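1. Got a predicted structure here, sequence first:
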Amino acid sequence: MSKERIKISEDLYDIMPSDYQDLVKSATYGKEDRGWKDIGTSKELIEQHSLCAGCPESMAFRYILASLPNPEDTVMVGSTGCTSLVFPMVAVHNIHSLFGNQNAIASGLKRALSVRFPGRVKDVVVLAGDGATVDIGLDMTLQAWFRQEKFTTICFDNELYANTGGQESGLMQKGFVAKMAPVGKLFDKVRLPEIARESGCHYVVNCTVSKPSLVEKVIRNAVHIAREIGPTYLQLYTPCILEIGKNSMEGLQEMRDSEKPTERFAYKEYVSEPAKQLLAELAAKDKERKAAAKQLTGQA
Ligand SMILES: Cc1ncc(C[n+]2csc(CCOP(=O)(O)OP(=O)(O)O)c2C)c(N)n1
Ligand code: SF4
Ligand SMILES: [Mg+2]
């Protein structure tokens with residue numbers, strides 16, 4: 001796994017887009033320690049987006065793409081919604097699925113990749129909105145977990161259908177009034193993290209994307225556990241600033257307010273026993289690798 005895969009033939013170098021040339025020069029493909037700290041110094045796998053200015057989904061995309069452990073061998077599966085506006089600008093293989101079908105598509109894809117590339121690591125990561133994950137796609141979401149499909153499901157939870165103007169979603173908070181849901185939500189927010197745990201996910205996290213280091217940690221854990229053990233689920237609060245009446249500078253504060261210990265996005269994590277064991281093994285290997293690298297630097 002390295003930049004060899006994206007290298008440009010010398011004869012064609014001049015006619016390649018400058019963004020591609022930059023990817024070859026300074027993207028972090030193949031770097032074991034890649035993470036959010038590379039943002040600003042290396043070519044990112046996303047540099048533009050067509051979301052509203054200041055939309056927290058754009059921060060979430062940047063942190064996730066900087067943290068994927070194996071981007072050159074990852075396929076992301078998206079679904080209709082604000083997130084789908086971003087995928088055409090992402091330098092990771094991705095598939096757009098019919099709204100709600102994303103976990104069914106990812107199941108087939110993951111299985112096909114393991115047949116087509118036996119013995120090679122191929123990660124699959126679903127990234128969809130709350131309407132796609134919980135409402136219209138709930139059957140596909142749950143069945144993939146029941147079948148123990150080995151991929152990660154990420155839900156960008158903005159608590160409504162943002163892309164179609166603000167309809168009610170199962171993850172909307174009780175009492176919330178949206179532009180296209182004037183009566184106000186009558187029921188509590190569906191407890192999808194708990195449902196994910198009870199449906200067989202081995203790693204479940206509910207949090208905001210206010211802290212890049214936290215996003216990096218949970219993405220790495222979720223992808224590694226899905227690769228080796230079984231389904232993982234991340235529910236990330238990416239507020240729709242347009243719908244909650246905030247300006248482009250206020251998304252971060254909204255997330256900080258919502259992650260306080262008594263709030264609905266207080267950090268929540270579930271790790272199954274086999275997943276705990278895997279994380280401990282990975283941490284030990286990482287420590288060994290870093291110690292060996294330090295020793296080598298000392299010798300040089
Ligand atoms: C099969 C199908 N049903 C409905 C729609 C209309 N539609 C497009 S985006 C969307 C809402 C998306 O909401 P969510 O998944 O929460 O993503 P967000 O836009 O909030 O990020 C809907 C209902 C569609 N495109 N296809
Ligand atoms: S409508 Fe909301 S979720 Fe969609 S891009 Fe704009 S702020 Fe982000
Ligand atoms: Mg939504």
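-> Cool, got the structure. Ligands and ions are numbered 1, 2, ... in the order given.

2. shaky segments in this structure?
-> 1-2, 300 (pLDDT under 70).

3. Enumerate the residues of it near ligand 1.
-> Contact residues (CB under 6 Å from any ligand atom) of the chain with ligand 1: 80-83, 98-99, 128-132, 156, 158, 161-164, 169. All C-beta spots, glycine's among them, are computed from the backbone N, C-alpha and C.

4. How about the backbone phi and psi for the residue in the stretch 101-250 of the chain that ligand 1 sits nearest to?
-> Using CB to the nearest ligand atom, Gly129 is the residue of the stretch 101-250 of the chain that sits closest to ligand 1, at 2.2 Å. With angles defined as degrees, to the nearest 10, Gly129 sits at phi -80, psi 180.

5. burial count for it?
-> 33 (other CB atoms under 10 Å).

6. mind checking how far the closest residue to ligand 2 within the stretch 201-300 of the chain is from Lys276?
-> Among all residues of the stretch 201-300 of the chain, Cys240 sits closest to ligand 2, at 3.2 Å; criterion: CB to the nearest ligand atom. With distances taken as CB to CB, to the nearest Å, Cys240 is found 35 Å from Lys276.

7. Which parts of the stretch 151-300 of the chain are strands?
-> 152-157, 203-208, 232-237, 268-271 (DSSP state E, counting those that start in this stretch).

8. Quick check: which helices or strands does the helix of greatest length in the chain pack against?
-> Counting residues, the longest helix found in the chain (DSSP state H) is helix 273-299. Using 3 or more CB pairs under 8 Å, 6 or more residues apart in numbering; DSSP states H and E as the contact test, the elements touching helix 273-299 are helix 212-228.

9. Quick one: residues in contact with the helix it packs on.
-> The contact list for helix 212-228 (CB atoms under 8 Å, 6 or more residues apart in numbering) reads 35-36, 39, 59-60, 63-64, 66-70, 74, 121, 123-125, 150-152, 154, 202-203, 205, 207, 209, 232-234, 236, 267, 269, 271, 275, 278-279, 282.

10. Strand 232-237 and that helix, what's the angle between them?
-> If you take axes from the mean of the first three to the mean of the last three CA atoms, to 10 degrees, helix 212-228 sits at 150 degrees to strand 232-237.

11. Before I go, just wanted to say thanks for your time.
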